[in-house]
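In: I'll drop the sequence and a predicted model, then ask my questions.
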Amino acid sequence: MKKTTKLIKTGINKNKDFSSILPPLYLSSNYGFQDAKTPNTYDYSRSGNPNRALLVEALSVLEGGVGGEITSTGMSAITLVLMTFLKQGDTIIISDNCYGGTLRLFFSLRDKGLFNVIALNQCDTEATKKAIFKYKPQMLWIETPSNPLIELTDISELSYCAKSLGALVVADNTFLTPMLQQPLALGADIVMHSLTKYLNGHGDSVSGAVIAKTQKHAELIKFWCNNIGTPAAPFDCYMVLRGLRSFELRMNKHRENAQKIFSAIKDHPKIKKVHWEGDVNHPHHQLAKRQQKGFGAMLSFDLDGTEDDIAKLVGNIKLFELAESLGGVESIITIPYTMTHVTISEEDRKKAGITKTLVRISPGLEDGDDLADDLIQALNYL
């Protein structure tokens, strides 16, 4: 049975109370025991919930993992991984141009003296391998493609190197989703997601996920999720599972629209450079073809202009919402320098290549030609 079929069938027609086709929403905070000696599958909703269990099952099928946990946000998913597998003084190697919230968390924990954090450009495979052997980290944190510059990291090569020294390899698969990339099959130990994005896909729920390759790691993740109290609410799990049922269809449309937008704007005189791994001139295009099952739906571009031109661009655009999230049915335009990465120091933004005129695009499910035409008309105002 194909993964898509397994996904659609997760929880379907399994309820024995009223024979509902869809799994019901279990909002109960606690569950009764049959007697004083027999343990229940569920006792308290922080420890476990039927909706959460179904979502873990579905995501494990998609990612090729064995289990894990659903958390309240993508950031709490990252926090759960750190709390589960690291101790004070451990060293982590991360990408210097990953999501701003991820950088903020890692740098904040570094500044509190909890971890040693080495931030570098992970798309430089040889330099990263040298850093791994030099610093001997306990964890390698990979985000590929990176947010927002769409730079790629060689998961297999770096995983092999890191694990040869006993490091745990964690991959943020939010941008590509398990439809287009399988980090666990490429060598990662743990994969995490902001489920708020493509996997929920409707902009109406916030949650995260951590899925493990081994049963030992999955059990540790469940223990610490309950221990520190980071699980997602039943309703959010219900909403994400609902979104997953149309996930493959939605993702194909997102990607189709990204291709149309790229083709329309790549040669516009007001654009210096478009960042999208589907571009044959992208420096990591061949790596994308090797480790991905297709090109993603996120793209960004450097505007040939000023901050005032950025303001004009977003002021004249009509079909894109100026917002920070991504992966929903609605198209979103984001200015990383003043939005997703605003809490990162100017020095770190400069090091990562996050300029004041960088624009990130998340194509939604509207007509792709309409989206491309809207961007072109807004660029023509400049």
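Out: Yep, that arrived. Remember, predicted model here, so these are calculated numbers, not experimental data. Residues are numbered from 1 along each chain as shown.
In: Show me the helices in the stretch 1-150 of the chain, by range?
Out: For the stretch 1-150 of the chain, the helices defined by DSSP state H, counting those that start in this stretch cover 3-9, 50-63, 74-85, 100-111, 125-135.
In: closest one to G305 among those helices?
Out: Among those, the nearest to G305 by C-beta to C-beta is helix 100-111 (22.4 Å). From N, CA and C alone the C-beta is placed, and that goes for glycine too.
In: And the contacts of stretch 59-70?
Out: Outside stretch 59-70, the residues that touch it by C-beta atoms under 8 Å, 6 or more residues apart in numbering are 3, 6-7, 10, 52, 55-56, 80, 173, 178-179, 182-185, 190-191, 193, 195, 199, 207-215, 218-219, 221-222, 225, 230-232, 236-237, 240.
In: what's the single longest helix in this structure?
Out: helix 247-265 (DSSP state H).
In: where along the stretch 201-350 of the chain do the strands fall?
Out: Assigned by DSSP state E, counting those that start in this stretch, the strands in the stretch 201-350 of the chain fall at 208-212, 271-275, 299-303, 321-322, 332-334.
In: Can you tell me how far the residue most central in space within the chain is from C237?
Out: Among the residues of the chain, the one closest to the centroid is T174, at 1.8 Å (C-alpha atoms, centre = their mean). To C237, T174 is 17 Å away according to C-beta to C-beta, to the nearest Å.
In: Between the strands of the stretch 201-350 of the chain, which one is closest to N121.
Out: Nearest of the strands of the stretch 201-350 of the chain to N121, taken as C-beta to C-beta: strand 271-275 at 14.2 Å.
In: Note down every partner strand of the closest one and its orientation.
Out: strand 299-303 (antiparallel) (DSSP bridges).
In: buried sites along the partner strand?
Out: Using 16 or more other C-beta atoms under 10 Å as the test for burial, strand 299-303 gives 299-303.
In: And the contacts of it?
Out: The contact list for strand 299-303, computed with C-beta under 8 Å, 6+ apart, reads 148-150, 258, 261-262, 265, 270-276, 309-310, 313, 336, 355, 357-361, 363, 382.
In: can you rerun that using 7 Å?
Out: 148-150, 258, 261-262, 265, 270-276, 309-310, 313, 355, 357-361 (C-beta atoms under 7 Å, 6 or more residues apart in numbering).
In: what do you get for stretch 162-176?
Out: By C-beta under 7 Å, 6+ apart, the list of residues contacting stretch 162-176 from outside reads 74, 81, 85, 132, 136-143, 145, 147, 155, 159, 181, 183, 187-194, 197, 292, 296, 298.
In: Can you list the buried residues in that stretch?
Out: Result for stretch 162-176 [16+ other C-beta under 10 Å]: buried residues 162-163, 167-176.
In: In a markdown table: those, plus distance to H341.
Out: Formatted as a markdown table, the buried residues of stretch 162-176 follow (distance: C-beta to C-beta, whole Å):
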| residue | distance to H341 |
| --- | --- |
| A162 | 26 |
| K163 | 30 |
| A167 | 27 |
| L168 | 26 |
| V169 | 25 |
| V170 | 21 |
| A171 | 21 |
| D172 | 16 |
| N173 | 20 |
| T174 | 16 |
| F175 | 16 |
| L176 | 20 |
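In: before we move on, back to that, considering the buried residues of strand 299-303, which is situated nearest to A378?
Out: Using C-beta to C-beta, the buried residues of strand 299-303 come closest to A378 at L303, 10.7 Å.
In: Distance check, the closest one against H282.
Out: The separation that L303 has from H282, given C-beta to C-beta, amounts to 18 Å.
In: is it true that P336 touches L358?
Out: Yes: applying C-beta atoms under 7 Å, one finds P336 in contact with L358, separated by 5.5 Å.
In: Find residues that contact each of these two.
Out: Contacts common to P336 and L358, judged by C-beta under 7 Å, 6+ apart, are P148.
In: Compare neighbour counts for the two and give me the winner.
Out: Remark: of P336 and L358, P336 carries more neighbours, 26 against 23, as counted by other C-beta atoms under 10 Å.
In: Tell me how far that one lies from T357.
Out: P336 is 10 Å from T357, by C-beta to C-beta.
In: ok, now D111?
Out: From D111 to T357 the distance is 29 Å (C-beta to C-beta).
In: Also T153?
Out: Counting by C-beta to C-beta - T153 and T357 are separated by 25 Å.
In: quick one: contacts for L149?
Out: With C-beta under 7 Å, 6+ apart, L149 has these contacts: 97, 275, 300, 353.
In: Go again with 10 Å.
Out: Neighbour list for L149: 95, 97-98, 121, 123, 275, 300, 302, 336, 352-355, 358, 360 [criterion: C-beta atoms under 10 Å, 6 or more residues apart in numbering].
In: go on, L114?
Out: Per C-beta under 10 Å, 6+ apart, neighbours of L114: 82, 86-90, 106, 108.
In: Tabulate the helices of the stretch 1-150 of the chain in TSV, adding columns for mean pLDDT.
Out: Compiled in TSV, those are given as follows (pLDDT from 0 to 100):
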stretch	mean pLDDT
helix 3-9	79
helix 50-63	96
helix 74-85	98
helix 100-111	95
helix 125-135	97
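In: For E347, which of those is the nearest?
Out: Nearest of these (C-beta to C-beta): helix 100-111, 11.3 Å.
In: so what does the closest one touch, helix or strand wise?
Out: The helices and strands touching helix 100-111, judged by 3 or more C-beta pairs under 10 Å, 6 or more residues apart in numbering; DSSP states H and E, are helix 74-85, strand 91-95, strand 116-120, strand 139-143, helix 346-352.
In: Could you tell me the angle between the first one and helix 100-111?
Out: The directions of helix 74-85 and helix 100-111 differ by 40 degrees, with axes from the mean of the first three to the mean of the last three C-alpha atoms, to 10 degrees as the criterion.
In: buried sites along helix 74-85?
Out: So, applying 16+ other C-beta under 10 Å, buried residues of helix 74-85: 74-85.
In: Relative to L319, which of those is nearest.
Out: G74 (26.0 Å).
In: just to revisit the earlier point, between the buried residues of strand 299-303, which is nearest G368?
Out: Among the buried residues of strand 299-303, and counting by C-beta to C-beta, the member closest to G368 is L299, at 12.7 Å.
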